[in-house]
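Engineer: what follows is a predicted structure for the sequence shown.
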Amino acid sequence: MLKTALIPLCLIAAPLLAQAPMSAESFESYTKGKTLFYGFDGKAYGAERYLDGRRVVWSFLDGNCREGIWYEENGRICFVYEDRPDPQCWTFSKGSAGLIARFENDPDATELYEADDTGQEMLCHGPDVGV
């Protein structure tokens, strides 16, 4: 009887274990050298290139790109960009279809997911040049 009672608990716990937060090392190993596209609520949200030295380039897929860096702090992956010096911290986990990112580790906040085919490209236009 005890075995029968434990089976449902194991089925519930298995997905939770698969959603464990990634360490900085595992995040770097997964992302380094890649460009990942992220979706939110069924739509393309943005893309990020992960470069050597924990450098990144982010775009909301509007042609404007922001360079930045990432670092680990208190189990979260934090990003600082050239136009926004306040850290943007996320908890990343690996789901069955790729990364899942939860802003500030808040269950009620933005949750992004790695998207395979967004139908978009990550283009970076040069700086605005005026007369």
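Structural biologist: Nice, thanks for sending it over.

Engineer: can you report how many residues neighbour residue 44?
Structural biologist: Neighbour count for residue 44, taken as other Cβ atoms under 10 Å: 16. The way it works is simple: take the backbone N, C-alpha and C, and place the C-beta from them, glycine included.

Engineer: how confident was the prediction at it?
Structural biologist: Residue 44 carries a pLDDT value of 90.

Engineer: does it touch residue 113 like I think?
Structural biologist: No - Residue 44 is beyond contact range of residue 113, at 11.3 Å (criterion: Cβ atoms under 8 Å).

Engineer: now list whatever residues contact both of these two.
Structural biologist: residue 38 (Cβ atoms under 8 Å, 6 or more residues apart in numbering).

Engineer: ok, longest strand in this structure?
Structural biologist: Using DSSP state E to define each element, the chain has its longest strand at strand 84-95.

Engineer: identify the residues contacting it?
Structural biologist: Taking Cβ under 8 Å, 6+ apart as the rule, strand 84-95 contacts 18-22, 26-27, 30, 66, 73, 75-81, 99-105, 112-113.
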